[in-house]
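>>> A predicted structure for the sequence below; I have some questions about it.
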Amino acid sequence: MIAVAIGLVFMIVAFAGSVVARPVPAPPAFDVNEAYVKYVEETLVSYGTWEGYGFRATGSSAEYAAASFISKQMKSIGLSSVRMEPVPVDAWEFKGASLEVYGSEGSFSFIASSMGGVPGTPAGGVSGPIVYVGRGAPGEYPADGVTDKLLLVDWDADWFWVNLIGHQATVCGAKGVIISTMNHPAYYEMPDSIGSFDATYDDDWVPLIVISRNDGFTIMDMLAKGPVQGTMVSNATITLAEDGGTGYNVVGVLRGKDHEHPILILGHHDAWFYGASDDTSAIAGMLSWAKAMKVSKFVPKHDLYFIATTGEEYGNTDAYYEWLVGAWYMITQAHPDWGQKAIAFVNLEGLGGQWYDGSIGPFSARSNYQFAPLVRKVFSENPQMLAGGWTVNTRLSSWQDGWTLTAAGIPGITFSNVIPNYDMVYHTNYDNLALMNYSRLATQVELMQKVLVEIDAAKVLPYMFSERAYDLATSVDPVDYEHIGVDVSALYDAISEFRALAMKFDAVQGKIKASDAADANSLLMTLSQLIGQEWTALSCWDSTIYPTQQVEWDATWLTDALDYLKKGQLNAALDELWNVGLTWNAFFDYTVWSWENSRHAPGAEHLNWGAQGHLAPYVDIYAAYVSLRDNYPGGPPYDYDWEIQQLESVLASELEELQYRVSAETDQVQMANSLLAQLIALAG
């Protein structure tokens, strides 16, 4: 039997050696189909509730058509588990607006737009005399008031958002608001463009429309020659979430080997006007990316979730944090487990763009600190794919879906294309197909694939922490805290240790053995979740900060203001006080100001993703500030005793809150240090 077995082995070996091995065919190259990109882009741009102008606001018929199309494309590409996931929203269906004006020079008809969440007018519109009110604060109202009038506002978005203007107009009995950016074109700079935005508006306030700069100047010329009457019409309807308002996130999955730790790839499909760049191009890029993966037979290590979100531009009326609603709902309400399981997100925010003359700008990655070194590496290795140059920015923006995912604990990257002069046409009817360069978009998708592969294929998650440690260190200055009487020595020491450990881990991360990868990845995800959830906070002006910072700033401004008041230096004190919280908005009546303040408070209706932002107390020093500003026009002597008492009470509360936050952050940093120490130990 042994001899027979030996003979058989010999025959098998000999036979095997006589066979010519067939070469295994290489998988198809990863190649983005430009024709498909163009098809998706042009199809989505064609959907709109306002014929000839677009608009795919969340919950609208056009948004539903776009979501349905995306769902069908995901299925045809071959993604699995494709579904349209409902998101409760205050649906806004906008079908256009107009303004008729009549004066001594004759009559004119202007096309107009409106903004998300703003109520429409009756079918016949609202009519009344038009009065010019400057930037829209009550101090610029005419002496006889604005009751039953239409207010023409020279909107300066760097001063006041339209919600304050519209609320004040409502309180004072106006019939409507007409916005034009005549002398202050922070937005809508093209002379004949009309724009839109999320208005953070209340559906009980007066209607508001937007006209072009040219049309605003025309009305100003008419007003200079005599009274002007107007009729504004806005065809907008709102269906509240409680009445069935629904938008849709669309999800499809490319299966990998690891089903527990997905990577999320997303872009938003709602848009103002055509939204060719913002953000239709991202959906075209995302779908063509998924299609290229399937065609090239790319099998990821991790499941890839392709997600088209709704409500990035607007999601609720009667709310402040009413943008990013689709992504926020997805990650906190529909799939909160993704925040614990996903290893990364890739957010797409405008791809393949060019200015109308063909000029291009750099390709940009707004990366969480963990991924910034990796992105720089890939970009620097592929200059041939970056004709316009590149930038990597680690400052997280609350104007992009990636913010709410970061705050849920997922590190990631937002890729976007910089178009020269784009601010001139942002959120206007000029964001059209003429801005698209499909070849460039395809190249950008191929570049993002290179970044994705680096993340997906890594045995140990490629998270780095040195840049985060440096940023955290710059947020705490013991001298500044000493000035306001708060001890941060324990926090400062913990941060110093965190910085040393982060630098050491980044240096030795590559030494972690494959056998220890699972343990390392668990620790890395726990650390990233701590950082994202606990250190992603919002300032009063929606910038991303640490939870201690707004409270520290307010306490510092209050401390300095009180010092100035006690020395009789009123103007210096006022300069400090108007920085505190939203005191800047004290140009408006207290009713308007306090309403704005209340929408940031815990428990506010539709606080949405603001609840993730560790909001500082929105302190109320309105009465003291206005008293100081308005009641002391003459010279000394001054009696500030009442105001000082009010401000000292607020400062005491702020210092108590700050001490609590400093203590909490100290504990968090020490926990992060423990996790880093364990990771370093794994690296030997």
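On my side now, so go ahead.
>>> hey, let's count contacts and neighbours off CA atoms from now on
OK.
>>> for residue 463, give me its contacts.
If a contact means C-alpha atoms under 8 Å, 6 or more residues apart in numbering, then residue 463 has 370-371, 524 as its contacts.
>>> which one of those has the most neighbours?
Neighbour counts for the contacts of residue 463 (other C-alpha atoms under 10 Å) peak at residue 371, which has 24 neighbours.
>>> which residues in the stretch 501-650 of the chain form strands?
537-538, 544-545 (DSSP state E, counting those that start in this stretch).
>>> for residue 177, give me its contacts.
Contacts for residue 177 (C-alpha under 8 Å, 6+ apart) come out as 150-153, 166, 169, 206-209.
>>> wait, which of these is closest to residue 222?
residue 152 (12.3 Å; C-alpha to C-alpha).
>>> elements contacting the helix or strand hosting that closest one?
Assessed by DSSP states H and E, residue 152 sits inside strand 150-154. Other helices and strands packing on strand 150-154, by 3 or more C-alpha pairs under 8 Å, 6 or more residues apart in numbering; DSSP states H and E, are strand 126-132, strand 176-180.
>>> quick one: contacts of that strand?
Here strand 150-154 has contacts from 127-136, 169, 174-184, 216, 230, using C-alpha under 8 Å, 6+ apart.
>>> out of these, which are buried?
Listed as buried from the contacts of strand 150-154 are 127-136, 169, 174-182, 184, 216, 230; burial here means 16 or more other C-alpha atoms under 10 Å.
>>> give me the mean pLDDT for the strand holding residue 152.
Strand 150-154 carries an average pLDDT of 98.
>>> and that strand, which residues are buried?
Buried residues in strand 150-154 (16+ other C-alpha under 10 Å): 150-154.
>>> direction included, what does it pair against?
Strand 150-154 has its sheet partners listed here by DSSP bridges as strand 126-132 (parallel), strand 176-180 (parallel).
>>> of the contacts of residue 463, which belong to helices?
residue 524 (DSSP state H).
>>> export the contacts of residue 463 to JSON lines and append columns for pLDDT.
Compiled in JSON lines, the contacts of residue 463 are given as follows (pLDDT from 0 to 100):
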{"residue": "370", "pLDDT": "98"}
{"residue": "371", "pLDDT": "98"}
{"residue": "524", "pLDDT": "98"}
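>>> closest to residue 543 among the contacts of residue 463?
residue 370 (19.5 Å).
>>> what residue ranges in the chain score low on pLDDT?
By pLDDT under 70, the weakly predicted segments of the chain are 1-27, 634-637.
>>> how is it partitioned into domains?
Annotated domains of the chain cover 34-90+243-304+313-323+334-344+362-408+429-457, 93-239, 460-684 [automatic domain parsing].
>>> what's the span of the second one, first residue to last?
Taking C-alpha to C-alpha, to the nearest Å, the first and last residues of domain 93-239 lie 8 Å apart.
>>> same check on the first one?
For domain 34-90+243-304+313-323+334-344+362-408+429-457, the first and last residues are 27 Å from each other (C-alpha to C-alpha).
>>> please shift the residue numbers so they start at 36 in all later answers.
New numbering, starting at 36: the last item is domain 69-125+278-339+348-358+369-379+397-443+464-492.
>>> could you count how many residues lie near residue 493?
With other C-alpha under 10 Å as criterion, residue 493 counts 11.
>>> for it, what are its contacts?
Contacts of residue 493 (C-alpha under 8 Å, 6+ apart): none.
>>> follow-up on the earlier one: need the contacts of residue 498 in CSV with distance to residue 695, can you?
Converted to CSV, those look like this (distance: C-alpha to C-alpha, whole Å):
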residue, distance to residue 695
405, 28
406, 31
559, 27
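>>> and of the contacts of residue 498, the nearest to residue 132?
Closest to residue 132, out of all of these and judged by C-alpha to C-alpha, is residue 406, at 44.7 Å.
>>> quick one: that closest one from residue 412, how far?
10 Å.
>>> what of residue 541?
15 Å.
>>> residue 660 now?
51 Å.
>>> of these two, who's got more company?
Remark: of residue 660 and residue 412, residue 660 carries more neighbours, 21 against 11, as counted by other C-alpha under 10 Å.
>>> the more buried one: what's it in contact with?
609, 612-613, 618, 678.
>>> make a markdown table out of the residues you listed and add neighbour count and distance to residue 572.
Shown next, in a markdown table, are those (neighbours: other C-alpha atoms under 10 Å; distance: C-alpha to C-alpha, whole Å):
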| residue | neighbour count | distance to residue 572 |
| --- | --- | --- |
| 609 | 19 | 27 |
| 612 | 27 | 22 |
| 613 | 20 | 21 |
| 618 | 21 | 20 |
| 678 | 19 | 30 |
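>>> now tabulate those in a markdown table and tack on distance to residue 505.
As requested, the contacts of residue 660 are exported to a markdown table (distance: C-alpha to C-alpha, whole Å):
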| residue | distance to residue 505 |
| --- | --- |
| 609 | 34 |
| 612 | 30 |
| 613 | 30 |
| 618 | 31 |
| 678 | 40 |
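>>> let's see which of those end up in helices.
609, 612, 678.
>>> which single one of the residues you listed is nearest to residue 115?
Nearest member of the ones in helices among the contacts of residue 660 to residue 115, counting by C-alpha to C-alpha, is residue 612, at 55.7 Å.
>>> closest to residue 382 out of the contacts of residue 498?
Nearest member of the contacts of residue 498 to residue 382, counting by C-alpha to C-alpha, is residue 406, at 13.3 Å.
>>> angles on the backbone of residue 75, please.
Phi and psi for residue 75, reported as degrees, to the nearest 10, are phi -60, psi -50.
>>> secondary structure element holding the closest residue to it other than its chain neighbours?
What sits nearest to residue 75 in space, not counting adjacent residues and going by C-alpha to C-alpha, 6 or more residues apart in numbering, is residue 319, at 5.3 Å. Taking DSSP H and E as the definition, residue 319 sits inside helix 316-330.
>>> can you list the residues that contact that helix?
Helix 316-330 is contacted by residues 63, 65-68, 71-73, 75-76, 108-109, 112-114, 289, 300-304, 334, 341, 343, 383-387, 471, 476-477, 480-481, 484 when judged by C-alpha under 8 Å, 6+ apart.
>>> buried set for it?
Per 16+ other C-alpha under 10 Å, helix 316-330 contains these buried residues: 316-330.
>>> which helix or strand contains residue 710?
helix 676-717.
>>> for that helix, name the packing helices and strands.
Helices and strands touching helix 676-717, by 3+ C-alpha pairs under 8 Å, 6+ apart, are helix 524-543, helix 552-570, helix 584-601, helix 657-665.
>>> just say which of the strands of the stretch 536-685 of the chain is most tucked in.
strand 572-573 (a mean of 24; mean count of other C-alpha atoms under 10 Å).
>>> residues near the closest residue to residue 424 other than its chain neighbours, how many?
Spatial nearest neighbour of residue 424, chain neighbours left out: residue 397 (4.4 Å); criterion: C-alpha to C-alpha, 6+ apart. Residues near residue 397, counting by other C-alpha under 10 Å, number 16.
>>> how far away is residue 397 from residue 477?
Residue 397 is 15 Å from residue 477, by C-alpha to C-alpha.
>>> and if you look at residue 143?
Residue 143 is 45 Å from residue 477, by C-alpha to C-alpha.
>>> among those two, which residue is more densely surrounded?
residue 477 (23 against 14).
>>> show me what contacts the more buried one?
67-69, 72, 320, 387.
>>> which residues of the stretch 136-285 of the chain fall in helices?
197-206, 248-259 (DSSP state H, counting those that start in this stretch).
>>> winner for burial among the ones you listed?
It is helix 197-206: most buried of these by mean count of other C-alpha under 10 Å, with a mean of 23.
>>> dump it to CSV, restricted to CA.
As requested, the backbone C-alpha atoms of helix 197-206 are provided in CSV (Å, rounded to 0.1, in the frame of the first residue of the first chain):
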residue,chain,number,x,y,z
VAL,A,197,-32.3,87.0,8.0
ASN,A,198,-34.1,85.4,10.9
LEU,A,199,-33.5,88.4,13.1
ILE,A,200,-34.6,90.8,10.4
GLY,A,201,-37.8,88.8,9.6
HIS,A,202,-38.7,88.4,13.3
GLN,A,203,-38.2,92.1,14.0
ALA,A,204,-40.4,93.0,11.0
THR,A,205,-43.1,90.6,12.3
VAL,A,206,-43.0,92.1,15.8
